[in-house]
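Novice: Okay, structure incoming, though there's no sequence with it:
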Ligand code: LLP
């Protein structure tokens, strides 16, 4: 990240905490890394990682498409002017509204089960999602290509679904595979692509192989890209990819201030952000880098606890901090993906502001919510 401690202090001072800050340089650098590794592959950003309109518009302007998995995400794609080949409609339980809007926008659908063939609007373009039924080296909640995952059709079903698509007058564009998220071991991808190639000769001609996303930070992108391209080549297909985390995680940082400390069974540093701002540590045991933005004598080991009335509301355990005091500022890194996106209004906590740093200036890309924002829909109903 190119933002300095001075930059971060200035942002926290100006916009308050908790605060999500994004670095445009880092966002562009991640896209450049993906394009360097994947070359001619078409990039569809999995907007679930961070659906902020400013980020979407920036990526749209750079030629990136979008993978949408809900009516709201599809509405965001439409709102920023994405259409046609730039939109993928995905999800295991799409609603009639998603098929209708997807068709209106000219999107490509990812089929997740056989009986979706009958639900597609006439003359749709579709890929069939295959579940390779493998053990994936990630948190169980983040594995989507395991035999017990709810996603996709089996290898055995896939040729039949492609044939059913063609018989129903749709374009059976190709195959899709996405085995999970935060996967650092490239061998998982190799194994999944290997299972797909078992289908060679049974699929009819395919235009596209969509290799999904799921690349953990620090994964061997070039290795994954090589395998993905080789697999697409076996089918004579074009490669598509759907990165979420890799594209936006490192561009984002959550800034939080120390409220106070206490020493009971453990040493706690209480901060003004927690599970409602960054759920990943609690939900997946995720470890985000924590950087104290102050200097003081008296280094100790602390658990970083949030303000929620929940014992699980911890952002990190056993972090080394130099004698924290109220008002000190902490940077929680790699928070650009699934951070703000999964923040909530639990406890009527207003979601943080989000600001983007570019060319030496900050822009507010989401204002801080107010309690009124949160109860507005209830008042309207009453
Ligand atoms: N494509 C499909 C079909 C997906 O389901 C996902 C993510 C992606 C692409 C992007 O995956 P990525 O490149 O971001 O790993 N909330 C979790 C992550 C859930 C990911 C769900 N699907 C987290 O905070 O780690």
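Specialist: Great, that's in hand. These numbers were taken from a predicted model, which means no experiment stands behind them.
Novice: hey, let's count contacts and neighbours off CA atoms from now on
Specialist: Noted.
Novice: distance of residue 330 from residue 270?
Specialist: Taking C-alpha to C-alpha, to the nearest Å as the measure, residue 330 falls 11 Å from residue 270.
Novice: where do the contact lists of these two overlap?
Specialist: residue 258 (C-alpha atoms under 8 Å, 6 or more residues apart in numbering).
Novice: List the buried residues for stretch 333-353?
Specialist: Across stretch 333-353, burial judged by 16 or more other C-alpha atoms under 10 Å covers 333-344, 349-353.
Novice: what do you get for stretch 212-232?
Specialist: Across stretch 212-232, burial judged by 16+ other C-alpha under 10 Å covers 212-217, 219, 221, 224-225, 227-232.
Novice: In helices, which of the residues you listed fall?
Specialist: In helices, judged by DSSP state H, the following of those are found: 221, 224-225, 227-232.
Novice: I'd like those written out as a markdown table, with pLDDT added.
Specialist: Formatted as a markdown table, those follow (pLDDT from 0 to 100):
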| residue | pLDDT |
| --- | --- |
| 221 | 97 |
| 224 | 97 |
| 225 | 98 |
| 227 | 97 |
| 228 | 97 |
| 229 | 98 |
| 230 | 97 |
| 231 | 97 |
| 232 | 97 |
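Novice: Out of those residues, which comes closest to residue 323?
Specialist: The shortest gap between residue 323 and any of those belongs to residue 221, at 39.1 Å (C-alpha to C-alpha).
Novice: shouldn't the closest one be in contact with residue 215?
Specialist: Yes. Here residue 221 lies in contact with residue 215, judged by C-alpha atoms under 8 Å, at a distance of 7.5 Å.
Novice: Residue numbers of the stretch 51-200 of the chain in contact with the ligand?
Specialist: Taking C-alpha under 6 Å from any ligand atom, the part of the stretch 51-200 of the chain that reaches the ligand is made up of 142, 178, 181-182.
Novice: Most widely separated two among the residues you listed?
Specialist: Based on C-alpha to C-alpha, the longest span within these runs between 178 and 182 and measures 11.6 Å.
Novice: shared neighbours, those two?
Specialist: Here residue 178 and residue 182 have residue 214 as joint contacts, going by C-alpha under 8 Å, 6+ apart.
Novice: Looking at those two, which one has more neighbours?
Specialist: Neighbour totals were compared for residue 178 and residue 182, and residue 178 leads with 24 against 21 (other C-alpha atoms under 10 Å).
Novice: nearest residue to that one other than its sequence neighbours?
Specialist: Spatial nearest neighbour of residue 178, excluding adjacent residues (C-alpha to C-alpha, 6 or more residues apart in numbering): residue 212 at 4.5 Å.
Novice: check contacts around residue 68.
Specialist: 46-48, 74, 77, 87-91.
Novice: ok, 7 Å please
Specialist: By C-alpha atoms under 7 Å, 6 or more residues apart in numbering, the contact set of residue 68 is 46-47, 74, 88-90.
Novice: which of these are buried?
Specialist: Judged by 16+ other C-alpha under 10 Å, buried ones among these: 46-47, 74, 88-90.
Novice: for those residues, which one is nearest residue 20?
Specialist: Out of those, the member with the shortest distance to residue 20 (by C-alpha to C-alpha) is residue 47, at 16.9 Å.
Novice: List phi and psi for the residue nearest to residue 141 when sequence neighbours are not counted.
Specialist: Closest residue to residue 141 apart from its sequence neighbours, by C-alpha to C-alpha, 6+ apart: residue 284 at 7.3 Å. Taking degrees, to the nearest 10, you get phi -120, psi 0 for the backbone angles of residue 284.
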